[in-house]
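**Student:** how does the following fold in three dimensions:
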Amino acid sequence: MYENLSIVYDKLMDVDYDAYKNIISQELGDRKDLLVLDLGCGSGTMLPTLTKYGQVFAVDNSEQMLALASRKVPECNYFAMDLLEISNLSYEFDFVLSAFDVFNYLEDFEDFNEGLKGVYDSLKVGGKFVFDLHTPKKIRDMINNQVFGYEDEEISYLWFTYETDRELEVESELSFFVKEGSGLYRKLEQFHSQRTYEVNAIFDSIKSIGFKINDYFCDFNKNNKDFDSSDRIIFILEK
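**Tutor:** Next comes the predicted model:
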């Protein structure tokens with residue numbers, strides 16, 4: 001999915017990494033020697049923070065993203081696999097992170113439940129899972145706005161979004177223009193889809209699997225529980 005996007009991913013990723021670092025710090029405190037999993041690690045931006053707490057396993061389904069991550073943080077253990085396959089690691093983790101809408105890329109609610117169950121089974125008792133999702137509002141806004149753009153001296157892109165015949169799913173078509181040494185621009189294209197679900201159904205799924213919901217909040221504001229008016233919901237779960 002990210003074979004072309006990996007080239008420009010770090011430059012274009014407009015997300016609040018510091019907010020996630022604060023969450024991790026609050027959840028793990030001064031603990032050490034933990035077994036940690038970054039599920040959907042992307043280009044590895046969160047890995048330097050996670051390595052402070054112990055041995056880190058990093059999973060992504062893009063070998064190109066893993067190559068970027070391994071150059072940044074070579075001491076981690078890297079695995080090219082789908083998040084639904086993490087039982088193959090045969091480890092029980094103290095802490096699992098899945099940051100910035102990784103679970104929105106799962107095909108359907110059955111896969112979503114399977115993903116949650118896989119994390120639950122891969123945690124030690126008392127282990128924690130932190131992840132986030134785009135809300136229904138966010139997906140509807142993407143469909144309604146349809147076109148996004150960006151331009152600087154090195155990169156420009158056009159991002160078109162389309163509604164599908166499935167509820168709360170959006171397909172995206174991205175065209176990147178990357179300036180090369182010759183001064184000419186290379187065009188890269190990327191296609192992907194994201195899907196979310198009604199938040200109450202997500203709560204029911206989390207609880208039915210056996211997770212304890214230690215906290216949830218929206219848009220990185222711990223006082224914001226209004227998921228109907230927010231773009232992202234963050235969950236702090238415990239086995």
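**Student:** let me know the pLDDT of Gly115.
**Tutor:** According to the prediction, Gly115 has pLDDT 98.
**Student:** helix or strand: which one has it?
**Tutor:** Using DSSP states H and E, Gly115 sits within helix 109-121.
**Student:** quick one: contacts of whichever helix or strand comes after that helix?
**Tutor:** Using DSSP H and E, the helix or strand that follows helix 109-121 in sequence is strand 123-134. Residues from elsewhere that reach strand 123-134, judged by Cβ atoms under 8 Å, 6 or more residues apart in numbering: 23-24, 27, 35, 39, 92-104, 119-120, 194, 196, 202, 211, 214, 231-239. C-beta: built from backbone N, CA, C; applies to glycine.
**Student:** mind giving me the ChimeraX select for those residues, buried ones only?
**Tutor:** Buried members of those can be picked out in ChimeraX with the line below, counting by 16 or more other Cβ atoms under 10 Å:
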select :23,24,27,35,39,93,94,95,96,97,98,99,100,101,102,103,104,119,120,194,196,202,211,232,233,234,235,236,237,239
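**Student:** what ranges do the helices span in this protein?
**Tutor:** Taking DSSP state H as the criterion, the chain carries its helices at 9-12, 17-28, 47-50, 63-72, 109-121, 136-145, 199-209.
**Student:** of those helices, which stretch is the most buried?
**Tutor:** With neighbours taken as mean count of other Cβ atoms under 10 Å, the helices of the chain reach their highest mean count in helix 47-50, at a mean of 20.
**Student:** put the alpha carbons of that helix into CSV.
**Tutor:** The C-alpha coordinates for helix 47-50 follow below in CSV (Å, rounded to 0.1, in the frame of the first residue of the first chain):
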residue,chain,number,x,y,z
LEU,A,47,10.5,3.7,17.8
PRO,A,48,13.1,5.9,19.6
THR,A,49,10.6,6.6,22.3
LEU,A,50,9.6,3.0,22.7
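**Student:** now the helix holding Gly115 against strand 123-134, angle please.
**Tutor:** 140 degrees (axes from the mean of the first three to the mean of the last three Cα atoms, to 10 degrees).
**Student:** might one say that Asp38 is in contact with Leu50?
**Tutor:** Yes. The criterion here is Cβ atoms under 8 Å, and Asp38 meets it with Leu50 at 5.8 Å.
**Student:** next, show the common contact partners of these two.
**Tutor:** Common contacts of Asp38 and Leu50 (Cβ under 8 Å, 6+ apart): 56, 97.
**Student:** how about Val59, nearest residue that isn't a chain neighbour?
**Tutor:** Once flanking residues are discounted, Val59 sits nearest to Phe79: 4.9 Å by Cβ to Cβ, 6 or more residues apart in numbering.
**Student:** so which of the helices of the chain is nearest Leu184?
**Tutor:** Taking Cβ to Cβ, helix 9-12 is the member of the helices of the chain nearest to Leu184, at 18.5 Å.
**Student:** what is the rounded mean pLDDT of the closest one?
**Tutor:** Mean per-residue pLDDT for helix 9-12: 56.
**Student:** what do you get for stretch 61-80?
**Tutor:** The predicted model assigns stretch 61-80 a mean pLDDT of 93.
**Student:** next: stretch 165-183.
**Tutor:** Mean pLDDT, stretch 165-183: 87.
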